[in-house]
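# Have a look at this fold, sequence not included:
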């Protein structure tokens, strides 16, 4: 039955549950999220005050203002196409599994293999983006503590702060989706008002500003590479990393009302709002630079903090830094939420070692508590190499981009192959579905290669891009596991039971609640 047939009755809760039953799953998670809350999760994870600012120092060295400002527009266009393609598929299959479930259903053959590898790309990307977000929050918090109380910005201190932040985010997510949904709604306004405050202060307080020629045309190369084209391309990481995580709207669809429409809208609107607000933020920050080299070589290790202080003074600069830290903490909290739902769904289908444990639901809160802590611990482990290598953060962000975007585009590509046989949901692109999907797929192939390449020359132990090694370890292991064992038993997303069995699961959860 076409999913659009499920929109005819006024009881959206029944419609959502009925569609989930058709897809093979019981309504185990509480469906309490509104369309705005669904959008808020993705918008919070994109978090322009996290991604833009944590990689701003990298952008200052890889292309400078010109690459950051125009790279944002270029990347934003292609990201929107990827998001549109994902949103269309999400409308057809609104499940917490998201990408790997879509791949299984859209593949013309070997659906289990498509699903397996899509899921593992998504899993490593989700863990990496959680690590990147909370690591960025730890960097900024360490910079603030250094300025305020002399808590030195060292790798050891940053990792300690990261561990504390991840524990807090784990605890918040343990208390249930309702609290997290409220905080996500607050986060939207924190981000939007925060950008306005930061840009407003940087517009009116500094005694002088850079001119428009500098902001929109200054090219800076501190990478050691001689090719400006290659350096500009490397600089695209700032935008590409920031504009990730909007698959969260798909992973939260089993907890969202009118999911077949709210999920897709959450994906697309989170990208659009982030594109506009992020460009304003980048332009405002770049106009306010007082000492370019001084910001790049800031003792705090956080160039935006130095720009704030140089432009507005220490007190106001620390206030702006606190706004950024708050946004990053909201962002990390939402990332743990989305990551845990993906782990829960993937484990539900038996694809993770110890699946029975990771799929377990806390029956009091109806949230996947065990999956929450796997997401938090996995992120900490991925960030630990920062203790030995200063380029580890670049690698973590590259892993996030490559892992997530490969997972994003596989179902979009498979939808293109489906052609007219694709069964569209109530939110769809019509005749534009195939061309959008083709362009999105080509773009992801390009960035997959790009962010595997070395970011600095000469290539040394300290400047080496460890992204290929991380992927070789994780996906090589997943590939070996598939060949040796999983291909014999993993059949893709599992059906939990008959209609009566699904109803029994739901009744048990209602009685416990």
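Everything's here; your move. Not measured: the values here are computed from a predicted model.
# so where's the protein uncertain?
1-13, 176-177, 495-513 (pLDDT under 70).
# in it, which spans are strands?
Here the chain has its strands, by DSSP state E, at 62-63, 220-221.
# Adding mean neighbour count and distance to residue 365, write the ones you listed out as TSV.
(Glycine included, C-beta is placed from N, CA and C.) Shown next, in TSV, are the strands of the chain (neighbours: other CB atoms under 10 Å; distance: least, CB to CB, whole Å):
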stretch	mean neighbour count	distance to residue 365
strand 62-63	28	44
strand 220-221	20	49
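# List just the one of these that sits closest to residue 392.
Judged by CB to CB, the one of these that comes nearest to residue 392 is strand 62-63, at 16.8 Å.
# Counting by contacts, list what the closest one packs against.
Contact here means 3 or more CB pairs under 8 Å, 6 or more residues apart in numbering; DSSP states H and E; on that basis strand 62-63 packs against strand 220-221, helix 228-234.
# Please produce TSV containing these, extended by distance to residue 82.
TSV is the format used below for the helices and strands packed on strand 62-63 (distance: least, CB to CB, whole Å):
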stretch	distance to residue 82
strand 220-221	28
helix 228-234	18
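# can you tell which of these is closest to residue 469?
Closest approach to residue 469 among these (CB to CB): helix 228-234, 18.6 Å.
# how about the helices and strands packed on strand 62-63, which one is nearest residue 178?
Closest among these, using CB to CB: helix 228-234, at 42.1 Å.
# buried residues in that closest one?
230-234 (16 or more other CB atoms under 10 Å).
# that older thread, nearest to residue 265, of the helices and strands packed on strand 62-63?
helix 228-234 (31.9 Å).
# Give me the contacts around that closest one.
62-63, 66-67, 71, 219, 221, 223, 225, 450, 453, 455 (CB atoms under 8 Å, 6 or more residues apart in numbering).
# So which of the residues you listed is the closest to residue 311?
Using CB to CB, residue 66 comes nearest to residue 311 of these, at 20.4 Å.
# any idea how far residue 275 is from the closest one?
18 Å (CB to CB, to the nearest Å).
# Tell me which of the two has more neighbours.
residue 275 (22 against 19; other CB atoms under 10 Å).
# List the residues that contact the nearest residue to the more buried one once chain neighbours are set aside.
Distances taken as CB to CB, 6 or more residues apart in numbering place residue 76 nearest to residue 275, at 4.4 Å, with adjacent residues excluded. Counting by CB under 8 Å, 6+ apart, residue 76 touches 239, 243, 271, 275, 278-279.
# Mind picking the two most distant members of those?
For those, and using CB to CB, no pair is farther apart than 271 and 279, which are 12.6 Å apart.
# So which of these two has more stuff around it?
A direct count of neighbours by other CB under 10 Å for residue 271 and residue 279 places residue 271 higher, at 23 against 18.
# Test my guess that residue 19 contacts residue 260.
Yes: here residue 19 reaches residue 260: they are 6.6 Å apart, a contact under CB atoms under 8 Å.
# and residue 362, how many residues sit next to it?
Residue 362, neighbours per other CB under 10 Å, totals 14.
# From residue 175, how far out is the closest residue to it other than its chain neighbours?
Take residue 362 and drop its neighbours on the chain: the residue closest to it by CB to CB, 6+ apart is residue 369, 4.2 Å away. Distance of residue 369 to residue 175, given as CB to CB: 10 Å.
# Give me the more crowded residue out of these two.
Remark: of residue 369 and residue 175, residue 369 carries more neighbours, 18 against 13, as counted by other CB under 10 Å.
# for the more buried one, what are its contacts?
Taking CB under 8 Å, 6+ apart, one finds 173-174, 360-362 in contact with residue 369.
# okay, those residues in CSV with distance to residue 33 next?
Below are the contacts of residue 369 laid out as CSV (distance: CB to CB, whole Å):
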residue, distance to residue 33
173, 14
174, 18
360, 22
361, 17
362, 17
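# top of these by neighbour count?
residue 173 leads these on contacts (other CB under 10 Å) with 27 neighbours.
# who touches the nearest residue to that one once chain neighbours are set aside in this structure?
Counting by CB to CB, 6+ apart, residue 173 lies nearest to residue 372, which is 4.4 Å off, once chain neighbours are set aside. For residue 372, the contacting residues are 170, 173-174, 336-337, 340, by CB under 8 Å, 6+ apart.
# can you redo those residues as CSV with distance to residue 194?
Below are the contacts of residue 372 laid out as CSV (distance: CB to CB, whole Å):
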residue, distance to residue 194
170, 25
173, 23
174, 27
336, 21
337, 20
340, 26
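# rewinding a little: most widely separated two among the contacts of helix 228-234?
The largest separation in these, counting by CB to CB, is between 66 and 453 at 20.3 Å.
# how about the longest helix seen in the chain: buried residues?
What stands out as the longest helix in the chain, according to DSSP state H, is helix 111-149. In terms of neighbour count (16+ other CB under 10 Å), helix 111-149 has its buried residues at 111-147.
# That helix packs against which elements?
helix 48-54, helix 99-106, helix 155-174, helix 303-312, helix 314-348, helix 369-383, helix 392-418, helix 467-481.
# go again using 6 Å as the cut-off
The helices and strands touching helix 111-149, judged by 3 or more CB pairs under 6 Å, 6 or more residues apart in numbering; DSSP states H and E, are helix 48-54, helix 99-106, helix 155-174, helix 314-348, helix 369-383, helix 392-418, helix 467-481.
# okay, those helices in CSV with distance to residue 287 next?
Formatted as CSV, these follow (distance: least, CB to CB, whole Å):
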stretch, distance to residue 287
helix 48-54, 15
helix 99-106, 38
helix 155-174, 29
helix 314-348, 14
helix 369-383, 32
helix 392-418, 25
helix 467-481, 33
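# Now for residue 169: which residues touch it?
Neighbour list for residue 169: 332-333, 336 [criterion: CB atoms under 6 Å, 6 or more residues apart in numbering].
# Contacts only, for residue 460.
So residue 460 contacts nothing (CB under 6 Å, 6+ apart).
# Please state the backbone phi and psi of it?
Note on residue 460: its backbone torsions stand at phi -130, psi -180 [degrees, to the nearest 10].
# still on that earlier bit, what about the residue nearest to residue 173, distance to residue 407?
Distance of residue 372 to residue 407, given as CB to CB: 20 Å.
# got it, and residue 94?
For residue 94, the distance to residue 407 - CB to CB - is 17 Å.
# Also residue 118?
In terms of CB to CB, residue 118 sits 5 Å off from residue 407.
# Residues that sit against both of these two, list them.
Shared contacts of residue 118 and residue 407 (CB under 6 Å, 6+ apart): residue 99.
# which residues does residue 112 contact?
So residue 112 contacts 490-492 (CB under 6 Å, 6+ apart).
# Please repeat the previous calculation with a cut-off of 10 Å.
Residues in contact with residue 112 (CB atoms under 10 Å, 6 or more residues apart in numbering) are 103-104, 349, 351, 482, 486-487, 489-493.
# Against residue 483, how distant is the residue lying closest to it once chain neighbours are set aside?
Excluding the flanking residues, the one nearest residue 112 by CB to CB, 6+ apart is residue 492, at 4.4 Å. To residue 483, residue 492 is 17 Å away according to CB to CB.
# which of the two has more neighbours?
A count of neighbours by other CB under 10 Å puts residue 492 above the other of residue 492 and residue 483, at 21 against 10.
# what about that one, distance to residue 331?
From residue 492 to residue 331 the distance is 32 Å (CB to CB).
# Ok, residue 321 next?
For residue 321, the distance to residue 331 - CB to CB - is 15 Å.
# which one of the two has more residues nearby?
residue 331 (31 against 24).
# Skipping its backbone neighbours, what lies nearest the more buried one in space?
Per CB to CB, 6+ apart, closest to residue 331 is residue 47, 3.5 Å.
# Tally up the residues packed near the one you found, please.
Neighbour number of residue 47 under other CB under 10 Å is 32.
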